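S.K.: Fold the following and give me the result.
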Amino acid sequence: MADFTYDEAAPDEAQAPAGRRIATLANWAGAAVSLALVAGVAVWGYKLLMRDVTGVPVVMAMEGPMRIAPEDPGGKLAEHQGLAVNDIAGTGLAAPVPDRLMLAPVQPGLSAEDLPQSELPAAAPRPTPVRTEFGAPVLAEAATEAALDAAQGPEAQPVPRTKDGEVDILALADQIAAGAAPLGDMADSAEDPDMPTIPKEEPVIVTDGSDLFPENEDSSDAIYKAPPPGALARSLRPKTRPGALAKAPMAEQVAALVASQASAGPKDLDPAALPAGTRLAQLGAYDSPETARKEWERFSTRFGEFMQGKDRVIERATSGGRVFYRLRAAGFADLSDARRFCAALVAENTDCIPVTTR
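M.R.: The predicted model follows:
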């Protein structure tokens, strides 16, 4: 049997590794953070419960008006400002009587060219033209003669005239200056060297040009001869349109025609009298003829352009022991015309079927 020997000394204790120390420190640190977090949550919850709700800040409006008009804004005063009637609406009280009153400016009116024909001023009568032997109107001499006669009066001397009947200007001047006294001595003024001399008037030879071109004598005589009787020497001036002239006679005629057609109403056709093959457009089926006529009026009001020239056909029919009345429109040239009519009504969400009588 083997003998075991034991040392009396205790076995050597092994030293703890470094990793265990780090883990211990981490555990203690985590515990401290957890305790701090719990304490913070507790304090935050306590403050949340115990806070004073009356301490919420409130935004208060500023004192005084938001906008203030300047005392002297400048610029031009508008037409609707500064009136006494505005004070009554703004303050409720009438404004005091001003010390100075001014009339409102006159509103600008229309010019003469913008006025209606009926409000235009009457034109002054024109002088009657006097025709000479060449057919040209002479207005200046007639106006001068009338003015002279009116100015002289009935007791004055007659106006001197030439052999041709025209006013003699030189004789008229001598007649006017006959009773006037000269301002100075005529002899002295004639001998005065400072007085400007008046050249003598040279005689003026009046010719029609026939002596310059004798070969055109016949043509010149034809030009200056008076126009033959009945010839139009001067074209007539068109008359001014009167202001009371009707402005739209055509519109009145059209309105009267439409009113007459509306009063006449559509023409009712007998279904039995229609020949076979007549193109129709069925608009619906109704319980009574009166209802069908009312629907026709509604169609005429809604589709006035399409229903013009169309005749009304109300046909009695029976189906399953029930009596009803078909409302149809007649007046189509062919089947294509009826289809175009129905296509226009279907586009407006209205039932329409092109049919042909048998």
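
S.K.: Going by C-alpha atoms from here, please, whenever you check contacts or count neighbours.
M.R.: Noted.

S.K.: so where's the stretch 151-300 of the chain shaky on pLDDT?
M.R.: By pLDDT under 70, the low-scoring segments of the stretch 151-300 of the chain are 151-160, 163-165, 167, 179-227, 230-233, 241-251, 253-265.

S.K.: what about 90?
M.R.: 151-278, 300 (pLDDT under 90).

S.K.: Please name the residues that touch Ala338.
M.R.: Arg279, Leu280, Ala281, Phe332, Pro354 (C-alpha atoms under 8 Å, 6 or more residues apart in numbering).

S.K.: Is it possible to get CSV of the residues you listed that adds distance to Pro98 and secondary structure?
M.R.: Formatted as CSV, the contacts of Ala338 follow (distance: C-alpha to C-alpha, whole Å; DSSP: H, G, I helix; E, B strand; the rest coil):
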residue, distance to Pro98, secondary structure
Arg279, 84, strand
Leu280, 82, strand
Ala281, 79, strand
Phe332, 80, coil
Pro354, 82, strand
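
S.K.: Most neighbours among those residues, please name it.
M.R.: Among those, Leu280 has the most neighbours (other C-alpha atoms under 10 Å), with 27 neighbours.

S.K.: So it is in contact with Cys352, correct?
M.R.: No - Leu280 lies out of contact with Cys352 (C-alpha atoms under 8 Å); the separation is 10.1 Å.

S.K.: ok so, going back, looking at the contacts of Ala338, spot the one nearest Asp87.
M.R.: Ala281 (69.9 Å; C-alpha to C-alpha).

S.K.: The closest one and Arg161, how far apart?
M.R.: Computed as C-alpha to C-alpha, to the nearest Å, the Ala281 to Arg161 distance reads 92 Å.

S.K.: again with Pro238
M.R.: Taking C-alpha to C-alpha, one finds Pro238 at 36 Å from Arg161.

S.K.: For the chain, which segments count as helices?
M.R.: Taking DSSP state H, the helices of the chain run over residues 18-50, 84-91, 140-152, 169-176, 186-191, 217-224, 249-264, 289-302, 304-307, 335-346.

S.K.: Now the second one: buried residues?
M.R.: Same thing as helix 84-91. By neighbour count with 16 or more other C-alpha atoms under 10 Å, helix 84-91 contains no buried residues.

S.K.: Restrict that helix to CA atoms and write it as CSV.
M.R.: Below are the C-alpha coordinates for helix 84-91, written out as CSV (Å, rounded to 0.1, in the frame of the first residue of the first chain):
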residue,chain,number,x,y,z
ALA,A,84,-70.0,116.5,-45.5
VAL,A,85,-72.1,113.5,-46.1
ASN,A,86,-69.2,111.2,-45.3
ASP,A,87,-69.0,112.6,-41.7
ILE,A,88,-72.6,111.4,-41.1
ALA,A,89,-71.7,107.9,-42.1
GLY,A,90,-68.4,107.9,-40.3
THR,A,91,-69.1,109.6,-37.0
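
S.K.: Residues contacting that helix from elsewhere in the structure, which ones?
M.R.: Leu93, Ala94, Ala95.

S.K.: repeat that for 6 Å
M.R.: Ala94 (C-alpha atoms under 6 Å, 6 or more residues apart in numbering).

S.K.: same deal with the shortest one?
M.R.: Taking contacts as C-alpha under 6 Å, 6+ apart, the residues outside helix 304-307 that touch it are Ser300.

S.K.: measure the residue lying closest to Leu327 once chain neighbours are set aside to Leu120 for me?
M.R.: In space, and not counting its chain neighbours, Leu327 is closest to Ile314: 4.9 Å by C-alpha to C-alpha, 6 or more residues apart in numbering. Ile314 sits 61 Å away from Leu120, going by C-alpha to C-alpha.
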